[in-house]
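Student: predicted model follows, preceded by the sequence.
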Amino acid sequence: MLVGKKYKVESDSMNVTVSEKKVNQKKGTEYWASIAFFSTVKGALNYLVNLEVKNTELKDLKSVDKRIDELEAIIGGLKV
């Protein structure tokens, strides 16, 4: 399942995998790279929220709170 435009969550019988969309600089092609592995979908989604919070660089609490609200809206719209 896609989570926004940059991440996706997939599962198999052993793991739930979070992948990030990347671009091959030489070829200009997009590909998915696995960045984290979890035993539950909830763990994977929590990881994505924490990752995005860290990417705000904690400039201020208002921007962190806004980003969490955006992510919760995305997660709420997913069909799990």
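Tutor: Here it is on my side, so go on. Since the structure is predicted, the reported quantities are computational estimates derived from the model, not experimental observations.

Student: residues contacting the residue most central in space within the chain?
Tutor: What sits nearest the mean C-alpha location of the chain, by Cα atoms, centre = their mean, is Leu48, with 3.9 Å. By Cβ atoms under 8 Å, 6 or more residues apart in numbering, the contact set of Leu48 is 3, 7, 9, 18, 71. Heads up, the C-betas are built off the backbone N, CA and C, glycines and all.

Student: tell me which stretches of this protein form strands.
Tutor: Listed from the start of the chain, the chain has strands (DSSP state E) covering 2-3, 7-11, 16-23, 30-38.

Student: which helices and strands sit right next to the second one?
Tutor: Contact here means 3 or more Cβ pairs under 8 Å, 6 or more residues apart in numbering; DSSP states H and E; on that basis strand 7-11 packs against strand 16-23, helix 41-55.

Student: compare the mean pLDDT across the ones you listed and name the weakest.
Tutor: Lowest mean pLDDT within the helices and strands packed on strand 7-11: helix 41-55, a mean of 84.

Student: nearest to Trp32 among the contacts of Leu48?
Tutor: Checking the contacts of Leu48 against Trp32 with Cβ to Cβ, the nearest one is Tyr7 at 9.2 Å.

Student: Glu20 versus that closest one, what's the distance?
Tutor: Applying Cβ to Cβ, to the nearest Å, the value for Tyr7 to Glu20 is 6 Å.

Student: thinking again about what came up before, can you tell which of the helices and strands packed on strand 7-11 is closest to Ser34?
Tutor: Comparing the helices and strands packed on strand 7-11 by Cβ to Cβ, strand 16-23 comes nearest, at 5.1 Å.

Student: sheet partners, orientation included, of the closest one?
Tutor: Within its sheet, and counting by DSSP bridges, strand 16-23 is paired with strand 7-11 (antiparallel), strand 30-38 (antiparallel).

Student: Val3 and Glu10 touch, don't they?
Tutor: No. Using Cβ atoms under 8 Å, Val3 is not in contact with Glu10; the gap is 10.8 Å.
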